[in-house]
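>>> here are the coordinates; sequence isn't available:
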């Protein structure tokens, strides 16, 4: 009896269970955000919306600010400087004195809807020229030597923009407050000395109204702009001190700030989410009226430090685009992936060997014949074949110009005109003959390079073996502290390192190659070159600039300055969900045409 | 006791001061924070160097700079910590908070699972010493112990993330794999349960057949595309939990405890529909914790009132059963949203992530967020468990074996006590004493020690803070890392000592 009752209960429960298990519980609204975005991996987290200060100036920041801020011009991937007429125009009003007029287009707006006007440009000038900084102010004067902290005497009325501008170059040459037009749409700057890279001198501004509102405690946008313009025009130190202090540090954030005004921008995208050390997301800017309207609604940059981790993240679909530091292992891993496009190209940095014209350790290169002989036995092609081709494939070519970035206008003519082709292949016999002619007996060459960089260690080994054939005794000058040794008299005979090209500006030739230039580490001094550089520094015509650069290039090679070897290899890979990626050799590399990217 | 703690704290402060001083000197002398700037070709590099020197007080000799730093850190006692700034000028306190949050999230779950699994496996291998199971675990734990984590991480990503996600697009196991998995499972159970030849064969057969049946059911019902536990699953696990926990905790002979556990199971099963239909729809984190606490209290109460003489033992048993059932129902709550999650445009059918701690801009309710956290924690957690697991099982096994060979165990057996009583009450408790120390120290070390795991899985916790600091010769983040890990090491050492004293009455702290 009892057994039957239990059986009945079990049967009933079982039947009920079977019925109920057929239907699952109703679910609530999932709350998912069903947007689609392109996820890009980058190796360093974003940390400052002001990429113009000494500590905000990093690629990780500048990539983002490039996408969130438009400007009068930008580099395409040729590379060539393109004007962005939808933002505004600029013109050279006069060459002497150098006068430049910037005019904003009518409907340019910040992403909060506030119009961009001349007050923004004026703030950019004040910050990046440092013309209004308290003169001769040295913050170190107010540091207590015992504690290292600022003393009580530290003035709170000091104007100090941390942009690192210098009074003798670039925007620093614009000493007087630029003039603003009555309609507040244009600004005219007068340089105190000619500066040929004037097109690159002014940078995209931070929002003047936000800076002034926060620095001066104002609430109204227009009022804030007026206050800022007045402070700059009247050189009101008290206000400028607060403005400079906010400009220096107000835009540093490592996660999305509470105040959305701190990340307003003028560009195709605007920041919408930022999670510390994980990712930063940008959405298409609804206020954007420019010509570079983006096609993808949302771009997320995820921070992935480990290169191999980024490859697996690409394979797993966690990210869609990666541009990791390239090694041959990495390229092998990438090539093995399905449905992934791998673009192999060049980056802005190039490897080169400079020979010490003076103050060398053994003095062996004081003789031009020995310099030429050494250049003949540097195995450029072998270095390229063994160290670079495994990464970027057979398209890798030698860099043949000391002056012009490969691909830029004038590069091909420059290498045709200089003697770089003479050093493409190793010529041991030629080198031996030159050495015999010079009568040099001590052929010790101490080569300085970064011993912590495996590729340079390999390059050193190849150079040492090749140069030995001609009788050179290449000594290992590798050091982890090579940067500090660079330029030290008597420390080495030749140096192997990289220069980074950040723009096509021509004014960098002076510091590098002029007698006594600050980046002239090998004591190169040539009257002819100095004369051409002097001409270049005041030449405003782009075509003539290129001719002069080619002339300098020729002089450098003919005087056996040293050899350029290769452009650093760069690898970009993306899956089939996105198209339109075409990296540039100059920063911001993959991001330069973000508006051309499309979802497939 | 108080004086012991006090003396230990004083000693700890002195140790910390000496250690931080030494560390500060080492970091300060390890390189030149200005190196990157020295190599730069920026025209304003002198100014940049000056401003960095000033931010980091580089003009003060390291010996004195340490005291400047100590002064800043000392302000923690008045609630105004100043760990200085890093080379980028960001305050280290902020970085430290972010880093600690993400490391704790990463490490807590992994450590708890590692402890539970490590203890269980350690004990069972000790009880089945020299069995196939024991040899297999010994082999596996030494293997895991010797594998480099970065390599394990790459393998995990390749197979458990990329491979699994690919498989999930068309989730079919296939008959050979099914049979293989079933046989492995059968062998494992056979070896684990042991016994005479006949019993072993029965175990092998039953385990193999039931695994095969389960896999076949999964395969045929399309479980992998629409996974759920359901009322059947919950009922089965609830009853199994009630029987299993009672058997280990008090023994099935204790009818009162068994009745309590089964009543708890019945209540859990009865609550399945009300929960999934009504409560789960408006779930939030506080409610979730409240429900978890409610489960423990309700289970405990049922056990207590049905417990007969040993009320608290019974209450404990039922509380554990309640937690297990609650967890199973919660898993089912998550699985209700699994399809929404996996098909969302952000996840795109590939749930297991190789990198990061969240899917960017996913949105989603409590359950979706829970699934997302799980899919991101999965790989790093497995990686950390594999490392901790090896040492924990070995320690537990050794400690357990040592105790099992003691005279008092033989005495207990000769008294006629059951195997369960001997193992759980007499052996396990004593075996846990040395393991408590190991675990305490392990936790302290783990919070600072996940450097490589964090790096390969894109988590930016304490390890990343430390690594970045070392890379950039940036003393303040390194010191912040060191203060936290040093402090934890000291505190957990002290805790281990106190724990030891409370577990082992022969030891007295004075």
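Yep, it's here. Everything numeric here is computed off the predicted structure, so don't read it as measured data.
>>> Next, the contact list for residue B:292, please.
Counting by Cβ atoms under 8 Å, 6 or more residues apart in numbering or on different chains, residue B:292 makes contact with B:323, B:326. In short, each C-beta sits where N, CA and C put it, glycine included.
>>> What helix or strand is residue B:490 located in?
Taking DSSP states H and E as the criterion, residue B:490 maps to helix B:475-503.
>>> Buried ones in that helix, by neighbour count?
When neighbours are counted by 16 or more other Cβ atoms under 10 Å in any protein chain shown, the buried residues of helix B:475-503 are found to be B:475-486, B:488-490, B:492-501, B:503.
>>> which helices and strands does that helix pack with?
Under the contact criterion of 3 or more Cβ pairs under 8 Å, 6 or more residues apart in numbering or on different chains; DSSP states H and E, the helices and strands touching helix B:475-503 comprise helix B:2-29, helix B:62-74, helix B:92-127, helix B:429-449, helix B:462-471.
>>> If we use 6 Å, what do you get?
Taking 3 or more Cβ pairs under 6 Å, 6 or more residues apart in numbering or on different chains; DSSP states H and E as the contact definition, the neighbouring helices and strands of helix B:475-503 are helix B:2-29, helix B:92-127, helix B:429-449, helix B:462-471.
>>> ok, how many other residues are close to residue A:51?
24 (other Cβ atoms under 10 Å in any protein chain shown).
>>> residue ranges for the strands of the stretch 1-150 of chain A, please.
Using DSSP state E, counting those that start in this stretch, the strands assigned to the stretch 1-150 of chain A run over residues A:38-42, A:73-75, A:81-83, A:88-95, A:98-104.
>>> Export these as CSV, with columns for distance to chain B and mean neighbour count.
Formatted as CSV, the entries for these read as follows, by distance: least, Cβ to the nearest Cβ, whole Å; neighbours: other Cβ atoms under 10 Å in any protein chain shown:
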stretch, distance to chain B, mean neighbour count
strand A:38-42, 7, 26
strand A:73-75, 19, 18
strand A:81-83, 20, 14
strand A:88-95, 23, 15
strand A:98-104, 19, 20
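>>> Turn those into a markdown table, columns for mean pLDDT.
Formatted as a markdown table, the entries for the strands of the stretch 1-150 of chain A read as follows, by pLDDT from 0 to 100:
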| stretch | mean pLDDT |
| --- | --- |
| strand A:38-42 | 94 |
| strand A:73-75 | 93 |
| strand A:81-83 | 92 |
| strand A:88-95 | 92 |
| strand A:98-104 | 94 |
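>>> Give me the below-cutoff pLDDT ranges for the chain.
Since no chain was named, I'll use chain A. Judged by pLDDT under 70, chain A has its weakly predicted residues at A:1-25, A:55, A:136-157.
>>> Oops, wrong one, chain B.
Short version for chain B, where the test is pLDDT under 70: B:35-48, B:88-89, B:448-449, B:509-510.
>>> Show me the domain layout of it.
Per the TED database, the domain ranges recorded for chain B read B:1-78, B:172-221.
>>> Kindly reformat those as TSV containing distance to chain A and mean neighbour count.
Converted to TSV, these look like this (distance: least, Cβ to the nearest Cβ, whole Å; neighbours: other Cβ under 10 Å):
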stretch	distance to chain A	mean neighbour count
domain B:1-78	3	16
domain B:172-221	11	15
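>>> As CSV, those with distance to residue A:83 would be great.
Written out in CSV, the entries for the domains of chain B read as follows (distance: least, Cβ to Cβ, whole Å):
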stretch, distance to residue A:83
domain B:1-78, 26
domain B:172-221, 58
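>>> In contact with residue 203, which residues are there?
No chain was given, so I picked chain A. By Cβ atoms under 6 Å, 6 or more residues apart in numbering or on different chains, residue A:203 lies in contact with A:52, A:124, A:128.
>>> my bad, chain B
Residue B:203 is in contact with B:189, B:190, B:193, counting by Cβ under 6 Å, 6+ apart.
>>> at 10 Å instead, please
When the contact criterion is Cβ atoms under 10 Å, 6 or more residues apart in numbering or on different chains, the partners of residue B:203 are B:186, B:187, B:188, B:189, B:190, B:191, B:192, B:193, B:194, B:195.
>>> Which ones among these lie within strands?
With strands identified by DSSP state E, none of the entries of the contacts of residue B:203 belong to them.
>>> Of the residues you listed, which is the nearest to residue A:374?
In terms of Cβ to Cβ, no member of the contacts of residue B:203 lies closer to residue A:374 than residue B:188, at 69.0 Å.
>>> That closest one - nearest residue in space that isn't next to it in sequence?
residue B:133 (6.7 Å; Cβ to Cβ, 6 or more residues apart in numbering or on different chains).
>>> For the helix or strand harbouring that neighbour, name the packing helices and strands.
Using DSSP H and E, residue B:133 sits in helix B:132-146. Under the contact definition 3 or more Cβ pairs under 10 Å, 6 or more residues apart in numbering or on different chains; DSSP states H and E, helix B:132-146 sits against helix B:92-127, helix B:175-193, helix B:366-404.
>>> Can you give me the neighbour number for the nearest residue to residue A:121 once chain neighbours are set aside?
Computed as Cβ to Cβ, 6+ apart, the closest residue to residue A:121 that is not its neighbour in sequence is residue A:187, at 4.5 Å. A count of neighbours around residue A:187, defined by other Cβ under 10 Å, yields 25.
>>> can you pull out the strands in the stretch 401-550 of chain A?
Here the stretch 401-550 of chain A has its strands, by DSSP E, counting those that start in this stretch, at A:444-450, A:473-479, A:494-500.
>>> Return the most buried member of the ones you listed.
For the strands of the stretch 401-550 of chain A, the largest average neighbour count (mean count of other Cβ atoms under 10 Å in any protein chain shown) is found in strand A:444-450, namely a mean of 22.
>>> what's that strand packed up against?
By 3+ Cβ pairs under 10 Å, 6+ apart, strand A:444-450 packs against strand A:340-355, helix A:454-469, strand A:473-479, helix A:482-485, strand A:494-500.
>>> Include distance to residue A:390 when you put the ones you listed into JSON lines, please.
Below are those laid out as JSON lines (distance: least, Cβ to Cβ, whole Å):
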{"stretch": "strand A:340-355", "distance to residue A:390": "11"}
{"stretch": "helix A:454-469", "distance to residue A:390": "11"}
{"stretch": "strand A:473-479", "distance to residue A:390": "22"}
{"stretch": "helix A:482-485", "distance to residue A:390": "25"}
{"stretch": "strand A:494-500", "distance to residue A:390": "19"}
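>>> and chain B, which of these is closest to it?
helix A:482-485 (3.1 Å; Cβ to the nearest Cβ).
>>> Excluding chain neighbours, what is closest to residue A:375?
residue A:423 (5.0 Å).
>>> Let me know how buried the one you found is, in neighbour terms.
Residue A:423 is flanked by 24 other residues according to other Cβ under 10 Å.
>>> for it, what are its contacts?
With contacts taken as Cβ under 10 Å, 6+ apart, residue A:423 has the following neighbours: A:372, A:374-378, A:380-381, A:398, A:400, A:557, A:560, A:562-565.
>>> Take the residues you listed and keep only those in strands.
Mapping these onto strands (DSSP E) picks out A:562, A:563, A:564, A:565.
>>> Out of those residues, which are close to chain B?
For chain B, no contacts are drawn from the ones in strands among the contacts of residue A:423 by Cβ under 10 Å from any Cβ of the partner chain.
>>> now stretch A:537-551, how far from the centre of its chain.
24 Å (Cα atoms, centre = their mean, to the nearest Å).
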